[in-house]
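Visitor: Give me the fold of what follows.
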Amino acid sequence: MRALKEHSGLSLRQLGERAEERGDVLPRSTLADVLNRSTLPRPELLAAFVRACGGGEEDVREWLAARERVAAPAPREAGATARRRRGPLLWAAGAGLAALATLGAWAWWPEGEPAAGSRSLPLPDGEVVIHPADAPGLCLTEGRQRGGAYASAVAVQGPCDTAGRPRSYLRAVGTEDWYFVEWYKPSEGYGCLTLIDEGPAAGLFEPVNRADCSARRPEQHFRLEPVAGPGAASGETAYLLRHEQSGRCLAFAEDAEPGDADANADAGAQAGAGAEAVLGDCTGDSAQAFLIDATP
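Guide: I've put the predicted structure just below:
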């Protein structure tokens with residue numbers, strides 16, 4: 001971590017400011033303690049630190065995985081070399097917390113272009129816009145349950161240019177390839193989409209405060225899987241959003257009522273604006289495919 005901070009060229013104050021801009025919390029005093037001691041940082045502090053240093057969500061996942069390896073009771077072999085993922089800078093693995101940065105094996109290309117032979121990130125980092133592949137003029141955004149039985153905000157398919165629309169982010173959970181789908185509104189802060197499991201809105205998704213978003217809550221996690229076949233018809237890379245808890249995929253209800261599992265599974269390709277986000281069996285067709293664009 002000390003090597004990464006030095007490479008970033010940022011002061012503790014600047015790192016804290018950059019973390020705040022991304023909605024993270026990175027107290028200067030806490031970070032200073034971590035950098036000057038040999039104890040493991042908390043996962044959320046490590047993730048905020050990597051983002052503040054310029055890392056993307058793929059980097060965050062690798063650093064968190066490195067932390068888990070360091071924390072594991074089984075000793076690592078001395079001198080193990082971490083996998084190179086991006087160049088030109090590569091740190092070799094060593095022992096203990098001082099080598100946590102090297103275990104993450106994080107390096108990057110300065111101008112945003114992949115080095116020869118390296119694997120490009122499959123997804124944009126930071127703020128994104130998530131479009132249904134069969135309705136690219138609409139977005140995954142905030143709305144209300146059409147039946148009116150649930151007053152709080154839920155995830156729907158709606159116009160992308162609506163005033164006050166929440167900003168969307170993909171955040172690595174830190175385990176395997178799972179992500180939080182996060183929203184941000186200045187009046188409410190950050191929250192992650194969470195499956196509602198009971199009541200009049202059962203089967204829909206609502207944002208919950210980031211403080212309640214956890215790697216131990218699979219109802220909040222999505223894996224983004226590239227689509228082959230009908231779902232990729234637009235020519236752009238499209239993704240299924242597979243829900244960890246259910247193993248099913250995100251789609252939009254056509255005429256389904258919340259809580260009607262059979263109807264939700266048949267969410268139609270022509271669902272219009274205001275259709276609620278629901279889960280259905282993963283068929284890979286365009287009704288379940290999403291385009292994900294980085295926001296400048």
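
Visitor: so where do the strands sit in the chain?
Guide: In the chain, the strands defined using DSSP state E lie at 127-132, 138-143, 154-159, 167-172, 178-185, 189-195, 205-209, 222-226, 239-243, 249-252, 277-280, 289-294.

Visitor: now the ones you listed in JSON lines, with distance to residue 45?
Guide: Where you see a C-beta, it was placed from the backbone N, CA and C, and this is true even at glycine. Shown next, in JSON lines, are the strands of the chain (distance: least, CB to CB, whole Å):
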{"stretch": "strand 127-132", "distance to residue 45": "22"}
{"stretch": "strand 138-143", "distance to residue 45": "29"}
{"stretch": "strand 154-159", "distance to residue 45": "29"}
{"stretch": "strand 167-172", "distance to residue 45": "15"}
{"stretch": "strand 178-185", "distance to residue 45": "17"}
{"stretch": "strand 189-195", "distance to residue 45": "16"}
{"stretch": "strand 205-209", "distance to residue 45": "18"}
{"stretch": "strand 222-226", "distance to residue 45": "24"}
{"stretch": "strand 239-243", "distance to residue 45": "28"}
{"stretch": "strand 249-252", "distance to residue 45": "30"}
{"stretch": "strand 277-280", "distance to residue 45": "31"}
{"stretch": "strand 289-294", "distance to residue 45": "26"}
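
Visitor: okay, the ones you listed, which one's buried deepest?
Guide: Neighbour counts (mean count of other CB atoms under 10 Å) averaged over each of these peak at strand 249-252, with a mean of 29.

Visitor: export it as CSV, just CAs?
Guide: These are the backbone C-alpha positions of strand 249-252, laid out as CSV (Å, rounded to 0.1, in the frame of the first residue of the first chain):
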residue,chain,number,x,y,z
CYS,A,249,-31.4,-12.8,-14.5
LEU,A,250,-32.6,-9.2,-14.4
ALA,A,251,-35.4,-8.3,-16.9
PHE,A,252,-38.4,-5.9,-17.0
